[in-house]
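J.: just a sequence and a predicted model for now, questions to come.
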Amino acid sequence: MVAGVLTSAVAAAVLAASGTTGGTDSVEVRAQGRFAPPAAFVTPSAITYDQKLVPAGSWIEVTQHSDRKGTKVQLRVKGLKAGYAYGVHVHQKPCGADPMAAGGHYQNKPSQDPGDVNPDNEVWLDFTAQPNGSGRSSAYHDWGFRRGEAASVVLHREQGGAGARLACFSVPFAPSPGA
Ligand SMILES: [Cu+2]
C-alpha cells in the first residue's frame, strides 16, 4: 500500500473529502459531501438543484474500487425523501451551478445509440430511499474508467436512465490500474 493523496476542503455548508490510495494492483477513491444549493462565489462539490427531493445538508458518499478485473462503485446517502425512487448515474464532467455542467453519462463504449444507454454500458446507481431517508446502491463492471472522463454522480427525478437533474456530486474517479 502506497500513501496517496488526501485533500479536504470546508466551505460554507460544504464538507468534501476525497482520497486515493493504491499500489500497482488496485485503486480506491472515497468522496463524501453535504448538498448545498449553487452559490455565487463557491461551487460546492455536492450541489442540490431541488431542495424538496435533495434537501440542503443531506449527505452523500461515493466509493470506487478498481483493480485489473473491474470496477465497483458504491453509493450511500442520508437525509433524502423517504420512499422516493431516485435515478443515479456516473457522469462525465464535474458539477456546476448549471445542472447540465456534468455533461452526459460515462459510457464504456461511447455511443450515440439510445440502445447503449443501459446499466451494462454505464454506471447506474438507482435506489429507493428508506423510511429514514437513507439509501445505498452499488454497481460492478468488468471495465474501468478512462482517465479524466468520469467526474461526477448525478441524482435524477426518475429511474431508468433519464429524468430531470436533482443534484450533482463531483467525484474524482480514477482510471483503472494499468490503464
Ligand atoms: Cu444521469
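T.: Structure received.
J.: what residues does the chain have near the ion?
T.: 89, 154 (Cβ under 5 Å from the ion). All C-beta atoms are positioned from the backbone trio N, CA, C, and that covers glycine.
J.: can you confirm residue 74 is in a helix?
T.: No. Counting by DSSP: H, G, I helix; E, B strand; the rest coil, residue 74 is not found in a helix; it is strand.
J.: surely it and residue 88 touch.
T.: No. Assessed by Cβ atoms under 8 Å, residue 74 is found out of contact with residue 88, at 11.5 Å.
J.: the residue of the chain with the smallest separation from the ion and residue 162: what is the separation?
T.: Distances between the chain and the ion by Cβ to the ion are smallest at residue 89, namely 3.5 Å. Going from residue 89 to residue 162 by Cβ to Cβ, to the nearest Å gives 10 Å.
J.: which helix or strand contains the residue nearest to the spatial centre of the chain?
T.: Centroid-nearest residue in the chain: residue 153, 2.5 Å away (criterion: Cα atoms, centre = their mean). Using DSSP states H and E, residue 153 maps to strand 152-156.
J.: after that strand comes which helix or strand?
T.: With DSSP H and E setting the assignment, the helix or strand that follows strand 152-156 is strand 165-170.
J.: need the contact partners of that next one.
T.: Outside strand 165-170, the residues within contact range by Cβ atoms under 8 Å, 6 or more residues apart in numbering are 16, 31, 33, 35, 45-50, 53-54, 60, 62, 86, 91, 94-96, 99-102, 151-157.
J.: looking at this protein, which helix or strand is least sure?
T.: strand 5-11 (a mean of 32; mean pLDDT, DSSP states H and E).
J.: one step back: check the contact lists of residue 89 and residue 162 and give me the overlap.
T.: Shared contacts of residue 89 and residue 162, counting by Cβ under 8 Å, 6+ apart, come down to residue 156.
J.: more neighbours, these two?
T.: Between residue 89 and residue 162, counting by other Cβ atoms under 10 Å, residue 89 is the more crowded of the two (24 against 13).
J.: quick one: contacts for that one?
T.: Residue 89 touches 105-106, 122-125, 153-154, 156, 161, counting by Cβ under 8 Å, 6+ apart.
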